[in-house]
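Visitor: next comes the sequence, and after it the predicted model I'd like to discuss.
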Amino acid sequence: SCDLTLLTYDEEDGVWQGEFEIQPSNDDDKKGPRYKVALNGSWDENYGANAARGGADIPLMVNETTPVKFYYDHETHWITDNYNTPILVAMGDFQDQLGCAANNDAGCLRSWLQDSEGSGTFRFITTALKAGDYTIQLAKNEDSTNTIGEIQTFTVKADGDEIYFGYDPVK
């Protein structure tokens with residue numbers, strides 16, 4: 001019920017977000033710094049590691065005072081932060097079809113690749129694209145100058161085809 005840690009719903013992104021200064025000594029109960037998301041000011045519905053309802057706390061150890069942005073997707077129940085996890089966005093000339101205000105927008109999380117299972121592989125799946133040829137590049141941490149790999153092209157053969165975007169940071 002602490003109003004100081006409320007996340008704000010971003011209408012364009014469709015994701016709850018909030019940035020907070022995290023202190024290295026944030027360990028009052030000596031169990032280690034950690035977090036999870038509690039909905040509607042109560043622990044009745046909460047999500048932790050691997051998007052599990054009532055799931056384990058997520059560790060968050062910082063060595064110095066650090067601004068950390070937290071993200072919660074109510075559709076997948078994934079709660080994460082940009083300190084422990086790269087925030088990967090499929091940036092390209094298709095994003096307006098997903099509800100983004102503009103294409104090639106690294107800050108629009110409607111094409112956010114998530115690893116809600118904690119497998120190490122990030123993915124985004126959509127059926128919202130119309131038939132056509134498109135370009136894509138992964139942007140890291142909502143920064144269009146921080147990209148991974150080269151621009152790729154892909155084809156959607158028919159309106160509504162399921163399109164899978166995946167990223168394995170090891171491979």
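Guide: Thanks, I have it.
Visitor: buried stuff in the longest strand anywhere in the chain?
Guide: The residue-count maximum for a strand in the chain (DSSP state E) belongs to strand 143-156. Along strand 143-156, the positions that meet the burial threshold by neighbour count (16 or more other C-beta atoms under 10 Å) are residue 156. Where C-beta positions appear, they are placed from N, C-alpha and C, glycine not excepted.
Visitor: hmm, who's touching it?
Guide: 88, 91, 104-106, 129-140, 163, 167 (C-beta atoms under 8 Å, 6 or more residues apart in numbering).
Visitor: and those residues, which of them are buried?
Guide: In the contacts of strand 143-156, the ones that pass as buried (16+ other C-beta under 10 Å) are 88, 91, 104-106, 129, 134, 136-140, 163, 167.
Visitor: pull the CA atoms of stretch 139-150 into CSV?
Guide: Output of stretch 139-150 as CSV, limited to C-alpha atoms (Å, rounded to 0.1, in the frame of the first residue of the first chain):
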residue,chain,number,x,y,z
ALA,A,139,17.1,-1.9,-29.5
LYS,A,140,18.4,-2.2,-25.9
ASN,A,141,17.1,-0.3,-22.9
GLU,A,142,14.7,1.9,-24.9
ASP,A,143,17.7,3.6,-26.8
SER,A,144,17.7,3.6,-30.6
THR,A,145,21.4,4.2,-30.6
ASN,A,146,22.0,1.0,-28.5
THR,A,147,21.2,-1.7,-31.0
ILE,A,148,22.0,-5.4,-31.4
GLY,A,149,23.0,-6.8,-34.7
GLU,A,150,22.2,-5.5,-38.2
